[in-house]
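# following is a predicted model, sequence given first.
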Amino acid sequence: AGLVVSFGEMLIDFVPTVSGVSLAEATGFLKAPGGAPANVAIAVARLGGLCAFVGKLGDDGFGRMLAAILRENGVDDSGVTFDNGARTALAFVTLRADGEREFMFYRNPSADMLLTEAELNLDLIRKAAVFHYGSISLITEPCRSAHLKAMEVAKETGALLSYDPNLRLPLWPSAAEARKQILSIWDQADIIKVSDVELEFLTGQDSVEDEVAMQLWRPTLKLLLVTLGEKGCKYYTEDFHGIIDSFAVKQIDTTGAGDAFVGALLRRIVHDQSVLQDEKRLRELLRFANACGAITTTKKGAIPSLPNASEAMQLLESASDMLA
Ligand code: ATP
């Protein structure tokens, strides 16, 4: 009971050994395992939750390495398949001196894009109490159909559906197509988390005010979240909405902060959905999720910096001490 199944891409980010350079200027790169849905799975497991990842990797050294990372972190990898033709996806990514993130993807196609409906471990998906996914797996067939099928099966068996679009514009044929496809599955989810940047992209407005966020509200939703980086997050339900400040930390690398936030949320919700109707307890949960996001920004890379429960509690307690 209480299984979170996270569906989508797992890949390797290559990040420059020194920060603040363009990809062309970088002289060396470090391997950083990633892919938002895989990060979420590991975030849940690190907090002590039960979690499985479903996706496809290349039958190569990198793919085997990524599957081992899932297992070492306590994530069930029985939903992982391997493609013997295509490679594990790679992304070169840097935060340039001008503050812009620069991506270069090697997916032509990569193994994650080739997951088929027939390869889905439906028994595993049927055990999910929470089913989580993004939008990158919607971009091309056959993975798109596999994604839609997995969502359908999870929904049929009564799982709570959690969606973090995780916009990667360069992977889509056009911005219009990205917006259209990302929104095409909006009505299926129970919980949706977007970042401030995604809110502006999806609504076409230059603001994260409540009126703008409400444009993404649907009666089918139980919870809509907008993350605001160091400013914390906003939440919206049928009955209440508000904002929760984050914690003051020394930010080194924000990669994975959103995934840590989602993982923390799902870790708790999978055992107790009643928080969705109780604003006081939901606020407590979102403080916890903010703490997990904040901690993740204090170290380089996503997976190495995801917190365990005691690290998260420490930050929560030290912050309460400061208030007292
Ligand atoms: P990602 O960088 O993984 O794509 P995101 O854009 O989805 O992340 P963010 O808004 O950057 O998500 O971060 C998620 C949460 O982590 C925030 O809501 C906040 O609670 C916390 N957080 C992020 N950055 C900071 C920071 N600099 N200081 C404190 N908390 C932070």
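Cool, got the structure. Note that this is a predicted model, so its numbers are computed, not measured.

# can you give me the strands for the stretch 201-324 of the chain?
223-227, 233-236, 241-244 (DSSP state E, counting those that start in this stretch).

# and the stretch 51-200 of the chain, by the same measure?
Using DSSP E, counting those that start in this stretch, strands in the stretch 51-200 of the chain cover 76-83, 90-95, 101-106, 130-133, 160-163, 191-195.

# mean pLDDT added to the ones you listed, as CSV?
CSV is the format used below for the strands of the stretch 51-200 of the chain (pLDDT from 0 to 100):
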stretch, mean pLDDT
strand 76-83, 98
strand 90-95, 92
strand 101-106, 90
strand 130-133, 98
strand 160-163, 98
strand 191-195, 98
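
# which one of these lies nearest to residue 253?
strand 90-95 (7.8 Å; CB to CB). For the C-beta atoms, the positions are set from N, CA and C on the backbone; glycine is no exception.

# who does that closest one pair up with?
strand 11-16 (parallel), strand 101-106 (antiparallel) (DSSP bridges).

# chain center to that strand: distance?
17 Å (CA atoms, centre = their mean, to the nearest Å).

# now do stretch 68-78
17 Å.

# buried ones in it?
Neighbour-count burial for stretch 68-78, counted by 16 or more other CB atoms under 10 Å, picks out 69, 70, 73, 75, 76, 77.

# tell me who's in contact with residue 239.
277, 279 (CB atoms under 8 Å, 6 or more residues apart in numbering).

# distance of it from the ligand?
Look at residue 239 and the ligand: by CB to the nearest ligand atom, to the nearest Å, they are 22 Å apart.

# now do the SS call for the nearest residue to residue 112 once chain neighbours are set aside.
Leaving aside its chain neighbours, residue 112 sits nearest to residue 9 (4.2 Å; criterion: CB to CB, 6 or more residues apart in numbering). Three-state call for residue 9 (DSSP: H, G, I helix; E, B strand; the rest coil): coil.

# quick one: the helices in the stretch 101-250 of the chain?
122-126, 143-156, 175-184, 196-203, 210-213 (DSSP state H, counting those that start in this stretch).

# out of these, nearest to the ligand?
For the helices of the stretch 101-250 of the chain, proximity to the ligand was assessed by CB to the nearest ligand atom; helix 196-203 is nearest, at 6.6 Å.
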